[in-house]
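**Student:** need the 3D shape of this:
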Amino acid sequence: MLNRRILRTKAFKTVYGYAENPSMTLKEAEALLDMACESTRDLYLFLLSVVGPLTAEASSRIEAARNKFTPTEEELNPNMKFVDNSIARLLDEDPDFQKLLKRKKLSWEQYDVFLRHLYESVRASKYFCNYLDSEVSGLEADASLWVKIFEHEFEDSAELHDILEDMSIYWNDDLGYALSWCVRTVKELGKGNRWSLPPLYASELPGNEAKSSDKSFVFTLLRSAYLNFEAFSESIAALTPKWNRDRICSTDLALIVCGMAEAKAFPQTPVRVIINEYVEISKYYSTPDSSGFVNGLLDKLINNHN
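**Tutor:** Numbering: from 1, shown residues only. As a prediction, the model looks like this:
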């Protein structure tokens, strides 16, 4: 599930935590990294589990309209295509999926306001109207609709971002990636395949057996960064005499340390690949000037240490 870019980001965040809290032990850092990795899969489960509650919201809306004092003909004979969608049924009736949600205590019960707003947004969309009007029905059509819902309704939702921030400090940064896995899952369900929990690491996916272990990669990277943190920090200081360690932001420090740590732990990886990875991460997590700073320093530092 987690690719190398995601894993590098999680290692960097853990090293950033250590830079901010030097009393953190290696064991604590490893536990923090393990939790951060698992949290992405938990987010995927939480997002995928919205299928049932959103379908139930649609059903309750239809039932309320039917029970009005003077319902219209359309309200008495509504289009039940979405309410009866097969993707919701498959997930609701999957014992492994439901058991896992219960064990991890992942539920949308307290987010009924968001579900109402989400349904209103979906119902107003052109793709939903086309789905209801289409004579094509069945598993594939239902899956196609849910793909559109996951692609269009979540990533830019401020309301959802607030929910995720309250639930986990890790989730907002992983939203786009988790949504892509929801899309992937729905497409598999649309082909008639049963739901199965994705392996946590991409190297554990079918067809990737020949790849080196992603879990080994990320924990080796963390240990290399942790154990060499002081030495790498001194090397950074030596190349930046006008910038003492206190004036280099912890974000940039953690990024550069991680780049040096990866070059040390994985000398077979091309230096330019390593530098480019941390430059890209810096564009998302640090200041506008950081990418050039990280690029220049890593280039000098890694070549000096080789």
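**Student:** would you mark the buried spots in the helix or strand encompassing Pro53?
**Tutor:** Assessed by DSSP states H and E, Pro53 sits inside helix 51-66. Using 16 or more other Cβ atoms under 10 Å as the burial criterion, the residues of helix 51-66 that qualify are 51-59, 61-62. (Glycine included, C-beta is placed from N, CA and C.)
**Student:** swap in stretch 101-116?
**Tutor:** Applying 16+ other Cβ under 10 Å to stretch 101-116 flags 101, 106, 108, 111, 114-115 as buried.
**Student:** end to end, how far does it reach?
**Tutor:** Chord length of stretch 101-116, first to last residue, is 21 Å (Cα to Cα, to the nearest Å).
**Student:** who touches that stretch?
**Tutor:** 42, 45-46, 49-50, 53-54, 57, 159-160, 163 (Cβ atoms under 8 Å, 6 or more residues apart in numbering).
**Student:** give the buried subset of these as a ChimeraX selection command.
**Tutor:** The ChimeraX command for the buried members of the contacts of stretch 101-116 (criterion: 16+ other Cβ under 10 Å) is given here:
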select :42,45,46,49,50,53,54,57,160,163
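**Student:** which residues are in contact with stretch 47-64?
**Tutor:** By Cβ under 8 Å, 6+ apart, stretch 47-64 touches 75, 78, 80, 82-83, 85, 87-88, 91-92, 97, 101, 106-109, 112, 115-116, 118-119, 122-123, 146, 149-150, 154, 178-179, 182, 185.
**Student:** then it to PDB, C-alphas only?
**Tutor:** Listed next in PDB are the C-alpha coordinates belonging to stretch 47-64 (Å, rounded to 0.1, in the frame of the first residue of the first chain):
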ATOM      1  CA  LEU A  47     -13.000   6.600   4.000                       C
ATOM      2  CA  LEU A  48     -14.100   3.400   2.400                       C
ATOM      3  CA  SER A  49     -16.600   2.800   5.200                       C
ATOM      4  CA  VAL A  50     -18.500   5.900   4.200                       C
ATOM      5  CA  VAL A  51     -20.200   3.900   1.400                       C
ATOM      6  CA  GLY A  52     -22.700   2.300   3.800                       C
ATOM      7  CA  PRO A  53     -23.600   5.500   5.800                       C
ATOM      8  CA  LEU A  54     -24.000   7.600   2.700                       C
ATOM      9  CA  THR A  55     -26.300   5.100   1.100                       C
ATOM     10  CA  ALA A  56     -28.300   5.000   4.400                       C
ATOM     11  CA  GLU A  57     -28.500   8.800   4.300                       C
ATOM     12  CA  ALA A  58     -30.000   8.600   0.900                       C
ATOM     13  CA  SER A  59     -32.500   5.900   2.100                       C
ATOM     14  CA  SER A  60     -33.600   8.000   5.100                       C
ATOM     15  CA  ARG A  61     -34.100  11.000   2.800                       C
ATOM     16  CA  ILE A  62     -36.400   9.000   0.500                       C
ATOM     17  CA  GLU A  63     -38.300   7.600   3.400                       C
ATOM     18  CA  ALA A  64     -38.800  11.000   5.000                       C
END
